[in-house]
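Student: Here is the input, now give the coordinates:
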Amino acid sequence: MRVKSRWNVKGKDRAPEEVAGALAFIAWRIAGNTVLNLENEDYQTETQAQRLDIIAEVLAFLVHLVDRLAYGKIDESDRPRYIGTLGLRLADIMHDNRIDAEGPGEYRNAFIDLVNERMDAYAELPFADGEPGFGMRRYLGDRVAEAMGPKHNKWITQQVMDIEVPEALETLRKGLRNLLPEAATAD
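Tutor: Down below sits the predicted model:
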């Protein structure tokens, strides 16, 4: 998947909030592409709200990956600004999309609560050498399977673990390499 991950004006220092905004755009594209890939593999979604539920799960996973990849590689005092802004920007995008799909309401807090809950769960799972471990990939696969519903969920977890996570990680790393170079490399 191709994403724009380079600044038009090179050599300019960027605030963490600016970088996080660009990362939010990339994460949203990755999550949307994941849903398209699943649908192209004949895993059926029924509604736009269901698609957004899947996107939310993938986004929570990606926010956690950015945090894990950035840990120890960027100034620790800046890390909350990157991750906080990333989460809030994604909450805004999710809110706008939920309004389009489900009508008026407040959707930001539900998304933020989901991300916080998943961050806690993912923090307990293995992540070594810059790679999400089996448990982390499995947890995402199971959450996506739940969001997809019972019709096809027998194979969705495996699809997410074996195909979607590596593709998402590759695109995320490319974005990090260009926007936040110090966080893109493994220890």
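Student: Please count neighbours and contacts with C-alpha atoms only from this point.
Tutor: OK.
Student: following the worst-scoring helix or strand of the chain on mean pLDDT, which helix or strand shows up next?
Tutor: Here the helix or strand of the chain ranked lowest by mean pLDDT, DSSP states H and E is helix 153-159, holding a mean of 86. Next in sequence after helix 153-159, counting helices and strands by DSSP states H and E, comes helix 165-179.
Student: So Leu23 sits against Gly175, correct?
Tutor: Yes: when contacts are counted by CA atoms under 8 Å, Leu23 is listed as touching Gly175 (7.0 Å).
Student: Please identify which of the two sits among more neighbours.
Tutor: Each of Leu23 and Gly175 has its neighbours counted (other CA atoms under 10 Å); Leu23 has more, 27 against 22.
Student: What segments of the chain are helices?
Tutor: If DSSP state H is used as the criterion, the helices of the chain fall at 16-40, 48-70, 79-102, 108-123, 134-148, 153-159, 165-179.
Student: Report the angle between the third one and helix 48-70.
Tutor: For helix 79-102 against helix 48-70, the angle between stretch directions is 170 degrees (axes from the mean of the first three to the mean of the last three CA atoms, to 10 degrees).
Student: now the last one
Tutor: Helix 165-179 and helix 48-70 meet at an angle of 60 degrees, taking the same axes, to 10 degrees as the criterion.
Student: show me where pLDDT drops low in the protein?
Tutor: By pLDDT under 70, the low-scoring segments of the chain are 1-14, 152-153, 181-187.
Student: try 50 this time
Tutor: 5, 7, 9, 186-187 (pLDDT under 50).
Student: Burial-wise, tell me which of the helices of the chain comes out on top.
Tutor: helix 48-70 (a mean of 22; mean count of other CA atoms under 10 Å).
Student: ok, residues contacting that one?
Tutor: Residues from elsewhere that reach helix 48-70 (CA atoms under 8 Å, 6 or more residues apart in numbering): 27-28, 31-32, 34-35, 45, 79, 83, 86-87, 90, 94, 97-98, 101-102, 111, 114-115, 118-119, 122, 127, 130, 132, 140, 143-144, 147-148, 172, 182-186.
Student: how does it look with 7 Å?
Tutor: With CA atoms under 7 Å, 6 or more residues apart in numbering as the test, helix 48-70 has contacts from 27-28, 31-32, 35, 45, 83, 87, 98, 101-102, 115, 118-119, 130, 140, 143-144, 147-148, 183-184.
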